[in-house]
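Undergrad: What follows is a predicted protein model with its sequence.
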Amino acid sequence: MKKPSVSFVIPTWNRHRELDRLLSSIFMQDRTDYETIVVDNGSTDGTSQWLETLGHRVVRITNPWNRGAAHAKNQGVSVAVARWIWFLDSDSELQDAGVVGRALRIVQESAQIGAIGGEMVPDGVGGLQCRIKRHLPTGETENVLRAGEVRLEPCDYVPTCNCLVRRDLVVAWGGFDPSYFIFGEDDELGVAVRGLGFSCFFDSRLTVAHRFAPTSRRPGLWLSNRNRLRLAVLNFPAPRVALLPLLEIREALRIDNLRVLAGIADSSLLARYLPGTGCRSGVLQRVTSPLVFGLRYGATLAAAYVYTAITLPRLLALRRRRPDYLERLSAEGVPT
């Protein structure tokens, strides 16, 4: 049997309907030289039983409980055989039958590509727009929105809701740090890809729409801030880590952030964590939603700084020598 060119790796947890739509978009591709690996993180909605009906069309890995997206991605990488791994979220969808073919042609054009892909998100008027990821000095993500086609735009990282990455780079890096659980593990992958001498690119020709599941990510504020500080301590230059509190203050006082808190402007961060409470549904909500979000964000950020200070000795030890998480997983074994 011919070795696949691409290994799709899809972590999922209670996303049966979205996963059905994603797999259908994969199975309709006009190229068949791919394998599809689904890691079910202890779903309770019948996902595991439904995957069994697909037979050999998917490689199934089933965890008895939710072990987190980072661990699930490592499990997928450990059984993948293709040169290129394509990470997808289960609420993403390939937009046409030529996506895989286009992607493989693009990566063959440049040896500098380490990771490529990115989010196409709804624009509010029935279409899609590009969301390009850049890091602020604090490690927080700035989403640059752009309409139309974008080709080979350099970015700081490619979100793993749609990320085509060289497998050898992931293996050389040692895989995802399971302590992230979710949020931030793809940021660190981008740092690793660039640290290994390759580049990350956004390209709208890898047209995958990310349609967020309609649930609030409010509990994720704590993990997002904790993991961002973890990323900084483990990867940023030491002087920048020492200046993080001052950088946080400077970021909070940026004029565009102050306008969000005053209810004058919308925030992609607010929309991400408080869906349905945007700034367009009345004067009161226009003002109170950003303020409430700002208070929650500030509280979780303060807690994250306290937690990081307590765990700093361990983080510094990990900074000096990062474990090979894929090697650890190999010793543990992968459930099927």
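TA: Noted; the coordinates are in hand. What you are looking at is a predicted structure, and each value in this text was computed from that prediction instead of being measured.
Undergrad: make it CA atoms for all contacts and neighbour counts henceforth
TA: OK.
Undergrad: Three-state assignment for Cys200, please.
TA: Secondary structure, DSSP: H, G, I helix; E, B strand; the rest coil: Cys200 is strand.
Undergrad: residue contacts, it?
TA: Cys200 makes contact with 113-116, 154-158, 190, 193-194, according to C-alpha atoms under 8 Å, 6 or more residues apart in numbering.
Undergrad: For it, which non-adjacent residue is spatially closest?
TA: Ala115 (4.8 Å; C-alpha to C-alpha, 6 or more residues apart in numbering).
Undergrad: That neighbour is in what secondary structure piece?
TA: Using DSSP states H and E, Ala115 maps to strand 113-117.
Undergrad: quick one on the thing from earlier: let's have the contacts of Cys200 in JSON lines, adding distance to Ala70.
TA: Output for these, formatted as JSON lines (distance: C-alpha to C-alpha, whole Å):
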{"residue": "Ile113", "distance to Ala70": "22"}
{"residue": "Gly114", "distance to Ala70": "19"}
{"residue": "Ala115", "distance to Ala70": "17"}
{"residue": "Ile116", "distance to Ala70": "19"}
{"residue": "Pro154", "distance to Ala70": "24"}
{"residue": "Cys155", "distance to Ala70": "21"}
{"residue": "Asp156", "distance to Ala70": "19"}
{"residue": "Tyr157", "distance to Ala70": "16"}
{"residue": "Val158", "distance to Ala70": "15"}
{"residue": "Gly190", "distance to Ala70": "14"}
{"residue": "Val193", "distance to Ala70": "16"}
{"residue": "Arg194", "distance to Ala70": "19"}
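Undergrad: List just the nearest of these to Leu94.
TA: Using C-alpha to C-alpha, Ile116 comes nearest to Leu94 of these, at 14.7 Å.
Undergrad: Quick check, that closest one in contact with Cys161.
TA: No: judged on C-alpha atoms under 8 Å, Ile116 makes no contact with Cys161 at a distance of 11.5 Å.
Undergrad: So if I had to pick from the two, which one is more boxed in?
TA: Ile116 (29 against 23; other C-alpha atoms under 10 Å).
Undergrad: what's the distance between that one and Arg166?
TA: Noted for Ile116: a distance of 9 Å to Arg166, by C-alpha to C-alpha, to the nearest Å.
Undergrad: one step back: for the strand holding Ala115, packing partners?
TA: With contacts taken as 3 or more C-alpha pairs under 8 Å, 6 or more residues apart in numbering; DSSP states H and E, strand 113-117 sits against strand 162-166, helix 185-195, strand 199-202.
Undergrad: let's see 7 Å
TA: strand 162-166, strand 199-202 (3 or more C-alpha pairs under 7 Å, 6 or more residues apart in numbering; DSSP states H and E).
Undergrad: Compare those strands and give me the one nearest Trp173.
TA: Closest to Trp173 of the helices and strands packed on strand 113-117, according to C-alpha to C-alpha: strand 162-166, at 11.1 Å.
Undergrad: Which elements pack onto the closest one?
TA: By 3+ C-alpha pairs under 7 Å, 6+ apart, strand 162-166 packs against strand 84-88, strand 113-117.
Undergrad: could the contacts of Cys200 go into TSV alongside pLDDT and distance to Leu22?
TA: Output for the contacts of Cys200, formatted as TSV (pLDDT from 0 to 100; distance: C-alpha to C-alpha, whole Å):
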residue	pLDDT	distance to Leu22
Ile113	98	25
Gly114	98	24
Ala115	98	21
Ile116	98	19
Pro154	96	26
Cys155	97	25
Asp156	97	26
Tyr157	97	23
Val158	97	19
Gly190	97	24
Val193	98	26
Arg194	97	29
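Undergrad: Between those residues, which sits nearest Arg321?
TA: Checking these one by one against Arg321 (C-alpha to C-alpha), the nearest turns out to be Val193, at 17.5 Å.
Undergrad: What is the burial count for that closest one?
TA: Counted with other C-alpha under 10 Å, residues neighbouring Val193 total 23.
Undergrad: Give me the nearest residue to it, chain neighbours excluded.
TA: Gly114 (6.1 Å).
Undergrad: need the contact list for that neighbour.
TA: By C-alpha atoms under 7 Å, 6 or more residues apart in numbering, the contact list for Gly114 reads 165-166, 193, 198-200.
Undergrad: and the residue nearest to Cys200, bridged to which residues?
TA: Per DSSP bridges, the residues bridged to Ala115 are Val165, Cys200.
Undergrad: now Glu93, nearest residue through space, not along the chain?
TA: Leu22 (4.7 Å).
Undergrad: and that neighbour, how many neighbours?
TA: 22.
Undergrad: Quick check: phi and psi at it.
TA: phi -60, psi -50 (degrees, to the nearest 10).
Undergrad: Quick check: end-to-end length of stretch 62-76?
TA: With C-alpha to C-alpha as the measure, the ends of stretch 62-76 fall 11 Å from one another.
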